[in-house]
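[1] Sequence plus predicted model, see below.
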Amino acid sequence: MGAKVGASKGGMDEINVTPLIDVVLVLLIIFMVLTPITMQKMATELPPEDEDQPPPPPQQDEQLMVAIYDDASLALNLVPVDEARLAEELQKRLKGRASSKRNVFVDAHPDAAYDQVVHVIDLARDCGAERVGFADMKDEGPTRVTPEQLLIMQGGGEAAPPPPGP
């Protein structure tokens, strides 16, 4: 234990750690015994699984891309629209979003009129867009969709077969 043998005079100058070690070991054993019991108790108190979960809400986070073509026509997500319809669609689609997700991107043709691009940016801001960004400029301008591709995108089925030729 912690006794000092010898004829030296004076008190002990070393700390006796034996009682401290005994207490730590007793606490360690107590915690080792109680831990599995509390783990089982936690596992048995979980709520039952609900099998009738409601379906997730529809995704309204689709990216909004306004295309401005060289002939001054507009498109929203590749669907051709006029200016009034563009304003309605932007208001409708931006209305239910959080303010951090009210983003609109503008993809303008290099030959599009500058004042029309600025007007579309102002229109997007007036409809509720928090941020308006620009898509990467391409030499050929924004992508155009053919009527057949538009029909397929809108869920109208397959495109009509080409007319018979001579």
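    Looks like it came in fine.
[2] contacts and neighbour counts: CA atoms only from here.
    Will do.
[3] Quick one: name whatever helix or strand follows the helix ranked longest in the chain.
    Longest helix in the chain by number of residues (criterion: DSSP state H): helix 18-44. Using DSSP states H and E, the helix or strand that follows helix 18-44 in sequence is strand 64-68.
[4] hmm, who's touching that following strand?
    Residues outside strand 64-68 that contact it (CA atoms under 8 Å, 6 or more residues apart in numbering) are 74-78, 103-109, 112, 117, 142.
[5] Where does confidence bottom out across those?
    The lowest pLDDT within the contacts of strand 64-68 belongs to Pro142, with 79.
[6] Let's verify that one: helix, strand, or coil?
    Judged by DSSP: H, G, I helix; E, B strand; the rest coil, the three-state class of Pro142 is coil.
[7] check contacts around it.
    Taking CA under 8 Å, 6+ apart, one finds Ala67, Ile68, Tyr69, Asp107, Ala108, His109 in contact with Pro142.
[8] Export the residues you listed as JSON lines, with columns for neighbour count and distance to Glu49.
    Listed next are these as JSON lines, based on neighbours: other CA atoms under 10 Å; distance: CA to CA, whole Å:
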{"residue": "Ala67", "neighbour count": "28", "distance to Glu49": "47"}
{"residue": "Ile68", "neighbour count": "26", "distance to Glu49": "51"}
{"residue": "Tyr69", "neighbour count": "21", "distance to Glu49": "53"}
{"residue": "Asp107", "neighbour count": "22", "distance to Glu49": "47"}
{"residue": "Ala108", "neighbour count": "26", "distance to Glu49": "51"}
{"residue": "His109", "neighbour count": "21", "distance to Glu49": "54"}
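[9] For Leu151, state which of those residues is nearest.
    Comparing the contacts of Pro142 against Leu151 with CA to CA places Ala67 closest, at 18.6 Å.
[10] one step back: what is the nearest of the contacts of Pro142 to Arg131?
    Closest approach to Arg131 among the contacts of Pro142 (CA to CA): Asp107, at 14.3 Å.
[11] next one: the host helix or strand of that closest one to chain centre, how far?
    Taking DSSP H and E as the criterion, Asp107 maps to strand 103-108. From the chain centre to the centre of strand 103-108 is a distance of 19 Å (CA atoms, centre = their mean, to the nearest Å).
[12] Many thanks, have a good one.
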